[in-house]
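Asker: sharing a model prediction with you, sequence too.
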Amino acid sequence: MRLLVVTQYFWPENFRINDLVAELARRGHEVTVLTGLPNYPEGDVFPDYRANPQAYSHYHAVDVVRVPMLSRGKGGIRLMLNYLSFAASASLLGIWKLRGKRFDAVFAYEPSPITVGLPAAALRAIKGAPLAFWVLDLWPETLEAIGVIRSSAILRLVGKMVTFIYRRCDLILAQSNSFIPQIQKYAGMDRRVEYFPSWAESLFDSMPSEPAEEVPVSPNSFNVMFAGNIGDAQDFPAILAAAESLKQYKHIRWLIVGDGRMARWVTEEISRRGLQDTVLMLGRYPVERMPSFFKHAHALLVSLKDEPIFAMTIPGKLQSYLVTGVPIMAMLNGEGAEVVSNAGAGMTCASGDHAALADCILRLSQMSEGERAAMGQNAKELSMREFDRDTLIGRLERWLKTMSDGTSSSFTSERAK
């Protein structure tokens, strides 16, 4: 198939779309990516890209078409302008750059913002190719939950944009089952919506033997590792409150690997609360390095704020955590917590409950290695059973093929089987 992938984020930024694109190309498909300039999460275009843009025009035999955009910068207004500038640039200049190219299907990747759907819908119309839209973040609900937009009038306008985009999709993919009713509220019941979760990237298939050298060695420590975006949604106030209540237990270390809009605040709070000995900010590293960091972890922490929208979410990092065979510590509500607890893959507590988080971490640290190993094995088995990479990408491949063949009317829902 000739596939066009529309995504605001792409390599050298670390997102799961990189792995999907590489795998689709490996399976023999002709893939083109329409994307912007790499600037996530720092907010400035990567210096290496600025120095040599041509070096980033191909990825695993995939053509990468980039359009100019305003970088994320700092602050909410600048972030909204970043979203809108990519949507406008991809809809105008992107279409021009792709002139003369034919595609069998368009695939849009939406971890946020929803505005990536605007150029995707335009390209669907111009290229006459069906559109599959992968929803990993629900708008306008997420905007309201994290306080980016407080005006009910603006939220209603965003909702109308969401409806406009969804109703121009031939297939909408939901990262959790809980997303499906919310998507249908905007898309209408006649839209095809399917459950399509994330997976662990192929680099996690074999864990390295050597742990990351960047982590200070402490032989008797119990390491709780958080890896990923350090943002408002991850509820670091609750995480740090739990760490503060446990700081007398010197063997418990909190290792934070990643970066994001709240990283500076977290660093300042660590100093203010006197947590320098027990909470370590290790910085951001390429996804290829993460397995070596996970070798240090005795528990892997995943968290989201106490908001209704986040109770519907399965955090993308959870799939990467599960495959490592390390027990999960989930400070989550709803579907994400159920995934962990139903499989016996770790411990869970309610979102925002820092006292319960501290209690769970202390209990995990006091368990025997055998008890924790059993949780880790359950996590691995869950990963293979529910989030197997080859199975999920194969499913997507079949859906795209059905769409490109023009036989969508005969499409059979996986949920209906």
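Answerer: Perfect, thanks for sending it.
Asker: correct me, but S91 touches P119?
Answerer: Yes: the criterion here is CB atoms under 8 Å, and S91 meets it with P119 at 4.3 Å. (C-beta placed from N, C-alpha, C; glycine too.)
Asker: quick one: which of the two has more around it?
Answerer: P119 (25 against 18; other CB atoms under 10 Å).
Asker: mind listing what the more buried one touches?
Answerer: P119 makes contacts with V6, L34, F86, A87, A90, S91, G94, I95, as judged by CB atoms under 8 Å, 6 or more residues apart in numbering.
Asker: how does it look with 10 Å?
Answerer: 6, 8, 34, 67, 86-95, 106, 108 (CB atoms under 10 Å, 6 or more residues apart in numbering).
Asker: which of the residues you listed fall in strands?
Answerer: Judged by DSSP state E, the contacts of P119 include V6, L34, V106, A108 as members of strands.
Asker: give me the beta-bridge partners of the third one?
Answerer: On DSSP bridges, the residues paired with V106 through beta bridges are L4, L131.
Asker: go on, the second one?
Answerer: Here L34 sits in beta bridges with V6, V65, going by DSSP bridges.
Asker: wait, doesn't it sit right on W96?
Answerer: No: using CB atoms under 10 Å, L34 is not in contact with W96; the gap is 11.3 Å.
Asker: who has more neighbours out of the two?
Answerer: The residue with more neighbours, out of L34 and W96, is L34; 28 against 8, by other CB under 10 Å.
Asker: who are the packing partners of the helix or strand bottoming out on mean pLDDT in the chain?
Answerer: Least confident helix or strand, the chain: helix 141-145 with a mean of 83, by mean pLDDT, DSSP states H and E. On a contact count with 3 or more CB pairs under 10 Å, 6 or more residues apart in numbering; DSSP states H and E, helix 141-145 meets helix 152-166, helix 308-311.
Asker: any weak-confidence spans in the chain?
Answerer: In the predicted model, the chain carries pLDDT under 70 at residues 203-209, 407-417.
Asker: just the helices in the stretch 251-400 of the chain please.
Answerer: Along the stretch 251-400 of the chain, the segments classed as helices by DSSP state H, counting those that start in this stretch run 263-272, 290-294, 308-311, 316-322, 334-343, 354-366, 369-386, 389-404.
Asker: quick one: residues in contact with the longest one.
Answerer: I take that to be helix 369-386. 197, 199-200, 204, 222, 298-300, 318-328, 339-340, 342-347, 363-365, 367-368, 389, 391-392.
Asker: give me the buried positions along that helix.
Answerer: Within helix 369-386, the residues that count as buried by 16 or more other CB atoms under 10 Å are R372, M375, G376, N378, A379, K380, L382, S383.
Asker: neighbours of the residue nearest to the third one when sequence neighbours are not counted, how many?
Answerer: Counting by CB to CB, 6 or more residues apart in numbering, G376 lies nearest to G325, which is 4.1 Å off, once chain neighbours are set aside. Using other CB under 10 Å, the number of residues around G325 comes to 18.
Asker: tell me who's in contact with G325.
Answerer: Here G325 is in contact with M207, F294, A345, A373, M375, G376, Q377, N378, A379, K380, E381, S383 (CB under 10 Å, 6+ apart).
Asker: would you list those residues in CSV and tack on distance to M80?
Answerer: What follows is the contacts of G325, written out as CSV (distance: CB to CB, whole Å):
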residue, distance to M80
M207, 40
F294, 34
A345, 37
A373, 46
M375, 41
G376, 41
Q377, 45
N378, 42
A379, 37
K380, 40
E381, 42
S383, 36
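Asker: K401: which of those is nearest?
Answerer: K401 lies nearest to S383 out of those, by CB to CB, at 26.0 Å.
Asker: what distance do you get for that closest one to Y186?
Answerer: Remark: distance between S383 and Y186 (CB to CB, to the nearest Å) = 31 Å.
Asker: can you check V62 too?
Answerer: When V62 is compared with Y186 (using CB to CB), they lie 31 Å apart.
Asker: cool, R389 as well?
Answerer: Applying CB to CB to R389 and Y186 gives a distance of 29 Å.
Asker: before we move on, the earlier item: so which of the buried residues of helix 369-386 comes closest to S152?
Answerer: L382 (39.6 Å).
Asker: now I126: closest residue in space, sequence neighbours ignored.
Answerer: Per CB to CB, 6+ apart, closest to I126 is I95, 6.0 Å.
Asker: surely the one you found touches R124?
Answerer: No: using CB under 10 Å as the test, I95 is too far from R124 to be in contact (11.2 Å).
Asker: so for those two, which sits in the more crowded spot?
Answerer: R124 (24 against 17).
Asker: how about the backbone phi and psi for that one?
Answerer: Backbone torsions of R124, given as degrees, to the nearest 10, read phi -60, psi -40.
Asker: mind putting the ones in strands among the contacts of P119 into CSV with distance to A212?
Answerer: Output for the ones in strands among the contacts of P119, formatted as CSV (distance: CB to CB, whole Å):
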residue, distance to A212
V6, 34
L34, 34
V106, 38
A108, 34
